[in-house]
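*Asks:* heads up, no residue letters with this:
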């Protein structure tokens, strides 16, 4: 049972925010997660935060003093990152659909472009010439391997992401012929993986691939983004990721493969969900309790329009419940009961917890969904059916 978030009693926090539903992000948990990574990873490994996981400005501001890079995927995310103390040279702009206007803004700001096509390379060169700025670029590579066990695969086979590895040498030639400052490579093959050995294998294959591609590079590699893909436990049988083997594998790759071949390379691990996912809580209030043919429903004032992932409609093949608890001080009311928690939207898809055991709950009680720090509000259809948006607070 969640009684407090960030040391603030839950009902007091709800009063401070002003209304339910809302997302609350625990500042101390966020800082500790980054500290945990720093303790585990090799000292020379740099850490990047994928802003797409949670672009709330207060969260990004807080992380600006804790990580080395921000990875953004839109001009909007880039502006959030630029508003922090982190330097523009530490902002990396990825994504397969950068518009000419976005490219222009990124080049003018001094951010690094992670090129995803020959078209982007040509546009970057033209924009750089028009602005009198030499664009800083890296190549996002679509690898020739897939990562098993990932919740979402973003590499291997045909992909809208990156440049197929077999096409990269030709693109490097195009970069060399243009007035572009080549910095390195980015490979991101998959996300939400809880298997350390699979991640280690992917990192080994990634390093082999980019070191091979670097032989055709116009300049020494100074930036090498190995991606991330670290998962967090969402469901009952999920085991937390073991960082130990991953850290040992990265240390070996740095010492024996990367440093001898590309001694100038700054090696970056880019994480999003793993950094921010477990620090977040979605808090919503029960507005009705009803019986339907022997089943008890708790209807809350939130739903999938804020928390699409918890409803099972964001990448789950078989729907499973996110960690869901009764908030506040509702213990001692009696034996747990089996209930189904649904949102306020007029669709059967708005299901937050199916046949779960909770202490006896009533109208006015708070429901808390954990693991809500990543891909929550901004990954949900917030305008669906016209309900108000959820609040967000960093505590």
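*Replies:* All right, it came through fine. If you're wondering where the values come from, they're calculated on a predicted model, not measured in any experiment.

*Asks:* Please count neighbours and contacts with C-alpha atoms only from this point.
*Replies:* OK.

*Asks:* List the residues that contact residue 194.
*Replies:* 149-150, 230-233, 238-241 (Cα atoms under 8 Å, 6 or more residues apart in numbering).

*Asks:* now do 7 Å
*Replies:* For residue 194, the contact set (Cα atoms under 7 Å, 6 or more residues apart in numbering) comprises 230-232, 240-241.

*Asks:* just residue 20 next, same as before
*Replies:* Residue 20 is in contact with 14, 283-285, counting by Cα under 7 Å, 6+ apart.

*Asks:* switch the cut-off to 8 Å
*Replies:* Counted by Cα under 8 Å, 6+ apart, residue 20 has contacts 14, 283-285, 301-302, 390-391.

*Asks:* now, among the residues you listed, which is nearest to residue 259?
*Replies:* residue 391 (45.7 Å; Cα to Cα).

*Asks:* hey, what's the closest one bridged with?
*Replies:* Here residue 391 shows beta-bridge partners residue 22, assigned using DSSP bridges.

*Asks:* which sections of the stretch 151-300 of the chain are below the confidence cut-off?
*Replies:* For the stretch 151-300 of the chain, applying pLDDT under 70 flags the ranges 151-158.

*Asks:* Strands of that one, residue ranges please.
*Replies:* Secondary structure of the stretch 151-300 of the chain (DSSP state E, counting those that start in this stretch): strands at 152-153, 163-164, 181-187, 190-191, 223-225, 266-271, 280-292, 295-300.

*Asks:* now do the stretch 1-150 of the chain
*Replies:* Taking DSSP E, counting those that start in this stretch to define them, one finds strands in the stretch 1-150 of the chain at 4-5, 8-9, 22-25, 46-50, 69-72, 91-93, 112-115, 136-142.

*Asks:* Would you mind putting those strands into TSV with mean neighbour count and distance to residue 182 alongside?
*Replies:* Putting the strands of the stretch 1-150 of the chain into TSV (neighbours: other Cα atoms under 10 Å; distance: least, Cα to Cα, whole Å) gives the following:
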stretch	mean neighbour count	distance to residue 182
strand 4-5	18	45
strand 8-9	14	48
strand 22-25	25	37
strand 46-50	24	19
strand 69-72	26	17
strand 91-93	24	13
strand 112-115	26	10
strand 136-142	26	5
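
*Asks:* Out of the ones you listed, flag the one nearest residue 273.
*Replies:* Judging those by Cα to Cα, what sits closest to residue 273 is strand 46-50, at 8.1 Å.

*Asks:* what sits up against that closest one?
*Replies:* Under Cα under 8 Å, 6+ apart, the answer for strand 46-50 is 63, 67-72, 266-272, 275.

*Asks:* What subset of those is buried?
*Replies:* 63, 67-72, 266-272, 275 (16 or more other Cα atoms under 10 Å).

*Asks:* Just the closest of the residues you listed to residue 376, please.
*Replies:* Checking those against residue 376 by Cα to Cα gives residue 272 as the nearest, at 12.4 Å.

*Asks:* distance of the closest one from residue 161?
*Replies:* For residue 272, the distance to residue 161 equals 17 Å [Cα to Cα, to the nearest Å].

*Asks:* swap in residue 350?
*Replies:* For residue 350, the distance to residue 161 equals 31 Å [Cα to Cα].

*Asks:* now residue 72
*Replies:* Residue 72 is 14 Å from residue 161, by Cα to Cα.

*Asks:* can you confirm residue 389 is in a helix?
*Replies:* No - assigned with DSSP: H, G, I helix; E, B strand; the rest coil, residue 389 falls outside any helix and is coil.

*Asks:* isn't it right next to residue 382, touching?
*Replies:* Yes - at 6.3 Å, residue 389 and residue 382 qualify as touching, with contact defined as Cα atoms under 8 Å.

*Asks:* if I look at the two, which residues touch both of them?
*Replies:* Counting by Cα under 8 Å, 6+ apart, the contacts common to residue 389 and residue 382 are residue 306.

*Asks:* neighbour-wise, which of the two wins?
*Replies:* Comparing residue 389 with residue 382 by neighbour count (other Cα atoms under 10 Å), the higher total belongs to residue 382, at 19 against 16.

*Asks:* SS state for that one?
*Replies:* coil.

*Asks:* Mind pulling the model confidence for it?
*Replies:* Note for residue 382: predicted pLDDT of 96.

*Asks:* Check residue 314 too.
*Replies:* With respect to pLDDT, residue 314 has a value of 86.

*Asks:* Excluding chain neighbours, what is closest to it?
*Replies:* residue 308 (6.1 Å; Cα to Cα, 6 or more residues apart in numbering).

*Asks:* returning to that earlier point: would you convert the contacts of residue 194 into JSON lines that also reports neighbour count?
*Replies:* As requested, those are exported to JSON lines (neighbours: other Cα atoms under 10 Å):
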{"residue": "230", "neighbour count": "25"}
{"residue": "231", "neighbour count": "24"}
{"residue": "232", "neighbour count": "20"}
{"residue": "240", "neighbour count": "14"}
{"residue": "241", "neighbour count": "17"}
